[in-house]
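Novice: sequence first, then the predicted structure:
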Amino acid sequence: MVRLLQFYTPGWVKRRALDQLLSFTAAAFQCQPAATRGLTVDERLCHYARFTLEQVEQYRQRGGDPAVLHERLYWSAYQLGHIHGRLFRVCSTQEIMALARTLYRILEIDFSGDAQGEVIIRRCYFSRLYSAPVCSIMSGMDRGLLAGLSGGGQLIFSTRITEGAPCCRARFVLEQI
């Protein structure tokens with residue numbers, strides 16, 4: 001199924017995935033998201049990006065601890081990743097990377113990961129909107145999603161586009177149980 005979705009992801013799947021992502025993200029922000037009914041995939045993605053940007057900025061303006069929000073986003077995304085990891089029965093780093101690439105494509109993120117856990121993001125929809133501090137907080141979603149897909153594991157970023165790098169680089173380490 002993942003292989004099929006790698007080549008073609010129907011619009012209804014993208015809309016559902018974005019709505020699900022919005023719901024899990026809003027839970028981490030402890031708020032209700034605005035309705036997306038009737039919005040196209042592109043409109044939903046734009047709505048999600050603006051929603052997350054506004055929520056992080058409001059949180060920061062209220063003096064909230066960025067580490068606390070990062071962890072809430074991590075655990076929310078972990079749950080979402082866990083659902084998809086079990087649904088698609090991923091069991092190797094290569095399968096995790098293939099599913100992540102498919103999911104990130106919906107977000108207009110050019111995600112590339114190999115069987116050794118090396119991750120490169122050459123283009124990111126959100127890098128146009130997010131500052132480096134916002135991206136750092138929102139990366140809890142990335143860390144949580146991959147950890148959830150794998151049932152553990154850790155994603156560690158070394159460079160980010162929002163910090164002036166030409167691409168994001170990270171390493172994913174699958175925890176041995």
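Specialist: It's in.

Novice: all contacts plus neighbour counts: C-alpha atoms, from now on.
Specialist: Fine.

Novice: need the three-state assignment for the residue sitting nearest the centre point of the chain.
Specialist: Taking CA atoms, centre = their mean, the centroid of the chain lies closest to residue 142, which sits 4.2 Å from it. Per DSSP: H, G, I helix; E, B strand; the rest coil, the local secondary structure of residue 142 is helix.

Novice: does it touch residue 74 like I think?
Specialist: Yes: judged on CA atoms under 8 Å, residue 142 makes contact with residue 74 at a distance of 7.5 Å.

Novice: how about residue 175, what does it touch?
Specialist: 152, 153, 154 (CA atoms under 8 Å, 6 or more residues apart in numbering).

Novice: what's across from the last one in the sheet?
Specialist: Pointing back at residue 154 there. residue 173 (DSSP bridges).

Novice: tally of neighbours for residue 15?
Specialist: Number of residues near residue 15 (other CA atoms under 10 Å) recorded here: 22.

Novice: what residues sit buried inside stretch 49-56?
Specialist: 49, 51, 52, 53, 55, 56 (16 or more other CA atoms under 10 Å).

Novice: in JSON lines, list those residues along with pLDDT, secondary structure and distance to residue 119.
Specialist: Below are these laid out as JSON lines (pLDDT from 0 to 100; DSSP: H, G, I helix; E, B strand; the rest coil; distance: CA to CA, whole Å):
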{"residue": "49", "pLDDT": "97", "secondary structure": "helix", "distance to residue 119": "22"}
{"residue": "51", "pLDDT": "97", "secondary structure": "helix", "distance to residue 119": "26"}
{"residue": "52", "pLDDT": "97", "secondary structure": "helix", "distance to residue 119": "23"}
{"residue": "53", "pLDDT": "98", "secondary structure": "helix", "distance to residue 119": "24"}
{"residue": "55", "pLDDT": "97", "secondary structure": "helix", "distance to residue 119": "27"}
{"residue": "56", "pLDDT": "98", "secondary structure": "helix", "distance to residue 119": "25"}
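
Novice: that older thread, neighbour-wise, which one of the contacts of residue 175 leads?
Specialist: residue 154 (20 neighbours).

Novice: phi first, then psi, for residue 151.
Specialist: Geometry field for residue 151 lists phi and psi as phi 80, psi 20, criterion degrees, to the nearest 10.

Novice: surely it is in contact with residue 80?
Specialist: No: counting by CA under 8 Å, residue 151 stays clear of residue 80, with 11.2 Å between them.
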